Structure formats: C-alpha cells, structure tokens
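Engineer: everything below, folded, please.
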Amino acid sequence: MTSRRDFLKTSAGAAGIAFTGCCLLDAAHAQQKPIAKRREVSVGGRRIKTIDIHAHCAIPAAMALHGDTFNGQTRGQLQQVIVLEERLGSMNEQGIDMEALSINPTWYKLERDLAAKVVQLQNEKLAELCAAHPDRFVAFASLALQHPDLAVQQLDTAVKKYNLRGAAIGASVNGEEFSHAKFHPVWAKAEELGVVLFIHPQSTPELSKRFRGNGWLSNTIGNPLDTTIALSHIIYEGVLDRFPGLKIASAHGGGYLPSYAPRSDHACMVSPQNCNPEIKLKKKPTEYLNQMYFDSLVFTSEALRHLIAQVGVSQLVLGTDHPIPWAEDAVDHVLNTPGLSDEHKISILQNTAAKLLNIKV
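Structural biologist: Residues are numbered from 1 along each chain as shown. A predicted model of the protein is given here:
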C-alpha cells in the first residue's frame with residue numbers, strides 16, 4: 001500500500017495537476033480514461049436524482065497540518081483524496097447523481113489554534129469543490145468539537161459563508177458523550193440553522209484488546225457499537241427533548257440500536273436505580289428513532305425492511321460509504337428490496353436527503 005507521504009509527493013509532482021477543493025484535477029489522466037457514462041436511475045418511469053449522504057473525502061493539505069496518515073488497512077483509503085474524473089466515473093457507474101461529502105474527524109485531540117486551522121482549510125476546500133460542481137457535490141462541515149465555542153462559530157460560518165449543509169461529527173469527543181452540557185451550544189446552533197449533523201463512528205478504542213484477532217473487529221463491531229452508544233446517550237439524556245428540532249443522521253443504519261431498540265423501552269422499568277429520576281423523557285426511547293435519520297448501509301433486504309419497520313421509511317437516506325467498497329450496489333439494494341413502493345424508493349434515494357440537505361430536485 002502506498003504511504004501517504006509517497007502518495008502526496010507523487011500527486012504534487014505530477015504534471016497538469018491543480019488542487020481544487022478536495023479534488024485533484026489531472027487533465028492527462030482524464031484524456032487517457034474518459035469519465036464513465038452516467039447510469040440514470042428511474043423509478044416508476046420517473047428519472048430521479050440519487051443522493052448519497054455517506055461519502056468520504058480527505059484534504060491532503062489539512063492532513064499534513066496535523067500529521068494524519070492513511071494506515072493502509074482499508075481498500076479505498078487513498079481514493080478519499082478525490083481525483084475528479086475517477087470519482088465522477090465511479091459515481092456514474094453506481095448511479096449516484098450527488099454525494100454529500102464528509103471527512104471523518106481525526107483532529108479532536110488538537111489544541112485550539114491548530115484545530116482551527118485544520119477545520120478552516122477543510123471547510124474552505126470542500127466549499128470550493130462543491131461550488132465548482134454544484135450538480136454533483138454538497139458537503140458536511142468539519143468542526144473542532146473539543147472546543148465547543150469554536151465549533152459553534154465554525155458551524156455558523158460553514159453554513160452561512162460556505163454553503164455547507166451541516167456537519168460531520170464522530171460519535172464522541174475524547175471520551176465525552178454528546179449528551180454532555182458542554183456540547184449544548186453546538187446542538188443549539190445546528191437547530192437554529194436547521195442543518196443536519198451526520199454521525200460517523202470512530203470505533204470504540206476502550207475495547208481494543210477484545211477486538212484483537214481475525215475479522216477487523218475494531219470496525220466490524222466497533223463502528224456500529226460506537227454509533228449505538230452515541231444515539232443511546234442522546235436519547236436517554238434528553239438531548240432530543242431539549243433540542244426537538246435537531247436533525248441527526250447516522251451512518252451504517254444507526255449501528256445496532258434499531259435492530260434491538262425495544263429493549264430500550266424496558267430498561268428503566270426493570271432497573272430504575274440505574275436511571276436518573278430527574279430526566280423525564282417526553283416519549284418512549286424507541287419513539288425518538290422516528291425523528292432521527294439513518295443511511296441505508298445495512299447490506300440485506302431483510303435488514304433494510306426491519307430498519308424501515310422500526311424508524312419509518314421517511315427517516316431513511318441512501319448511504320454508500322464511498323470510496324470504501326462496502327456497498328457498490330447501494331442503489332440496487334434499495335430498488336430490489338421487496339415490499340417497497342415506488343414512493344418509498346424515491347423517498348430513500350432522493351426526497352428525504354434533498355429535504356435535509358436543501359438540494360433542488
């Protein structure tokens with residue numbers, strides 16, 4: 001696997017490359033390999049605009065600022081640095097009209113000034129790319145959540161100045177849950193702006209010893225578990241009662257929570273001593289799932305059917321994890337799920353994401 005240093009050195013030295021946003025434009029490469037023809041997706045004879053809410057990106061200059069590296073574990077890692085023609089070609093082949101780009105947070109341990117520089121650079125470059133290709137890309141802002149007051153400013157600037165459509169966040173910040181009062185100003189700002197927060201997990205490092213061995217368990221189990229814990233705290237600690245207009249979307253179908261959600265409704269009845277009597281939720285825990293959003297990356301038709309049954313079809317959006325090759329057939333996954341009406345398919349592939357991200361269709 002090419003190291004990040006070698007990759008960036010090769011990219012920077014190649015002829016004809018100009019850095020725009022998080023994309024590398026290589027005219028010579030484009031001449032050698034034309035962009036693949038776009039697969040047009042239709043439902044019930046109606047051409048729709050497919051919108052992928054879960055698509056990764058990386059900004060080499062920002063990575064270099066704080067020593068972030070590609071660890072070589074994952075296929076598709078290097079492709080997070082977008083070569084425009086390759087990214088568009090891959091989207092075209094999959095039938096993806098638009099991607100909502102996001103950058104997984106690796107900067108939560110940085111001191112304030114450096115974190116501010118990393119986030120500003122990333123948000124500026126994302127905005128440049130989206131402005132240059134508004135029919136193919138929108139993006140989620142990066143936030144330095146370890147400094148909540150700074151994150152509030154960054155989110156406000158990202159939405160009002162850069163036209164970013166919300167923010168991509170981890171599932172916790174240096175071991176602190178999003179339900180902590182220190183983060184309330186960030187959620188208040190997101191609610192005020194009416195933008196979505198996209199939760200993408202970062203595994204659960206506390207379990208690293210148990211994740212050793214075969215199967216890449218730090219990701220296979222650790223990522224959906226991380227999301228499950230984050231959403232559970234948000235629900236049980238009353239975050240959604242305090243901020244009822246907060247829009248939260250999560251990757252990987254919301255982790256494990258939607259698959260076993262009704263257990264949450266019984267916990268405080270079975271063991272009231274483990275629940276805070278001062279927190280009086282306005283609804284059953286499962287009912288809060290019906291106001292959050294979840295991507296469709298759950299692999300099987302039966303899993304998708306169950307997710308819809310638990311949270312409602314109106315809460316689902318298309319997610320691919322592109323360019324990490326978890327789901328190269330994500331559009332067909334929705335189209336071929338038995339029992340979905342044309343209206344439901346259009347909702348998942350287009351309408352809900354368009355509404356969340358303020359995209360005209």
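
Engineer: give me the buried positions along stretch 186-204.
Structural biologist: The neighbour-count check on stretch 186-204 (16 or more other Cβ atoms under 10 Å) flags 186-187, 189-191, 193, 195-204 as buried. Every residue, glycine included, has its C-beta placed from N, CA and C.

Engineer: quick check: pLDDT value at Ala116.
Structural biologist: For Ala116, the pLDDT comes out at 98.

Engineer: for it, which three-state class applies?
Structural biologist: Put simply, Ala116 is helix when judged by DSSP: H, G, I helix; E, B strand; the rest coil.

Engineer: go on, Ala167?
Structural biologist: With three-state DSSP as the criterion, Ala167 reads strand.

Engineer: which residue is the nearest non-sequential neighbour of it?
Structural biologist: Ala141 (4.5 Å; Cβ to Cβ, 6 or more residues apart in numbering).

Engineer: if we can go back for a sec, tell me which of the buried residues of stretch 186-204 fall in helices.
Structural biologist: When helices are assigned by DSSP state H, the members of the buried residues of stretch 186-204 inside them are 186-187, 189-191, 193.

Engineer: Glu176: which of the residues you listed is nearest?
Structural biologist: Nearest to Glu176, judged by Cβ to Cβ, of those is Val186 at 12.3 Å.

Engineer: just checking, that closest one touches Gln153?
Structural biologist: No - in this structure, Val186 is not within contact of Gln153 by Cβ atoms under 8 Å, at 10.2 Å.

Engineer: list the contacts for the closest residue to Gln315 other than its chain neighbours?
Structural biologist: Spatial nearest neighbour of Gln315, chain neighbours left out: Tyr293 (5.2 Å); criterion: Cβ to Cβ, 6+ apart. The contact partners of Tyr293, by Cβ atoms under 8 Å, 6 or more residues apart in numbering, come to 196, 247-250, 315-317, 352, 356.

Engineer: and stretch 63-72, how far apart are its ends?
Structural biologist: 15 Å (Cα to Cα, to the nearest Å).

Engineer: then stretch 279-291?
Structural biologist: Terminal-residue distance, stretch 279-291 (Cα to Cα): 19 Å.

Engineer: what sits against the residue nearest to Ala167?
Structural biologist: 119, 123, 126, 154-155, 158-159, 162, 164, 166-168.

Engineer: any figure for the gap between it and Ile51?
Structural biologist: Distance of Ala141 to Ile51, given as Cβ to Cβ, to the nearest Å: 18 Å.
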